[in-house]
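Student: got a sequence here, can you model it:
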Amino acid sequence: MRESARQRAARWSATGGRAQWANLARARRMAAAGEAGHGAARRPGAARTAMRPGRRDGWLDRRQCGRRPTSSPRPLPRRRDPVAACASPADAETASTSRSCDALEAERAVAELLREHGASPADAASIAARAPGYAAMLADGVRELDELGLWESWSSGVGAGREVEMAGLGFGRKVYYMGKAKSRHGRGVVPLLESVGVRLSSAKLIEPYVSAAGLPVLIDRVRSTTSF
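Tutor: Predicted coordinates:
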């Protein structure tokens, strides 16, 4: 006798067909999920996209990663450099007065050197007053040796150490010995040339060619040709 469809269904249900059907459906769902995951892994960037948390987890999505924050962070405090103390008007006036005194002492030292080379006191004072560049050159040399503390080596080089201790002298005497060492062969010609309008650098170049005549002779020649 042929079994009807209703009878087969009843028999399949009685033998546990429902459980088999559920297992079969579960296997199909797992297979479908595996194929979907395998295809997503082959797409570039899919794993990174899947691993990146979304907005629900409190993270920014891809569109928000490139945006700048709406509120700028507080800048770090800068370290302030020490403020240099400004010179008071009294200090500036004292420095200016000291410079003026140094220039006057240097001029007197140049006049003394010119007298030693044969110039009259009046001519020596006039030449020294008209040769500020030469006096300033000597004064700058003295200040440099004072700052570096090299008077001992300088005096030993020019032979002045045997006669006097240079470091213990005043500014004017230091300028005098500095000029004496420089004009040993020039005989005071450089300040004379500067006093008649020759630049200091040019006077140094001319001095070897005219110093043999002597300072008094050169002063007379200058006086005869100019209103010296």
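Student: all contacts plus neighbour counts: C-alpha atoms, from now on.
Tutor: Fine.
Student: straight-line length of stretch 188-202, end to end?
Tutor: 15 Å (Cα to Cα, to the nearest Å).
Student: which parts of it are buried?
Tutor: G188, V189, V190, P191, L192, L193, E194, S195, V198, R199, L200 (16 or more other Cα atoms under 10 Å).
Student: what sits against the third one?
Tutor: Just to be clear, that refers to V190. The neighbours of V190, taking Cα atoms under 8 Å, 6 or more residues apart in numbering as the test, are Y134, L200, A203, K204, E207.
Student: farthest pair within the buried residues of stretch 188-202?
Tutor: Maximum pairwise distance in these, criterion Cα to Cα, is 15.0 Å, between G188 and R199.
Student: before we move on, the earlier item: between the buried residues of stretch 188-202, which is closest to E107?
Tutor: E107 lies nearest to P191 out of the buried residues of stretch 188-202, by Cα to Cα, at 10.6 Å.
Student: can I assume that closest one is in contact with S126?
Tutor: No - counting by Cα atoms under 8 Å, P191 stays clear of S126, with 10.5 Å between them.
Student: where in this structure is pLDDT low?
Tutor: The model of the chain has pLDDT under 70 over residues 1-6, 8-21, 35-96, 158-164, 227-228.
Student: go with 80
Tutor: For the chain, the stretches flagged by pLDDT under 80 are 1-28, 31-99, 156-165, 167, 183-186, 226-228.
Student: give me the longest helix you can find in it.
Tutor: Identified as the longest helix of the chain according to DSSP state H is helix 89-116.
Student: so which elements touch it?
Tutor: Judged by 3 or more Cα pairs under 8 Å, 6 or more residues apart in numbering; DSSP states H and E, helix 89-116 is in contact with helix 121-129, helix 132-148, helix 171-182.
Student: hmm, 6 Å instead?
Tutor: helix 121-129, helix 171-182 (3 or more Cα pairs under 6 Å, 6 or more residues apart in numbering; DSSP states H and E).
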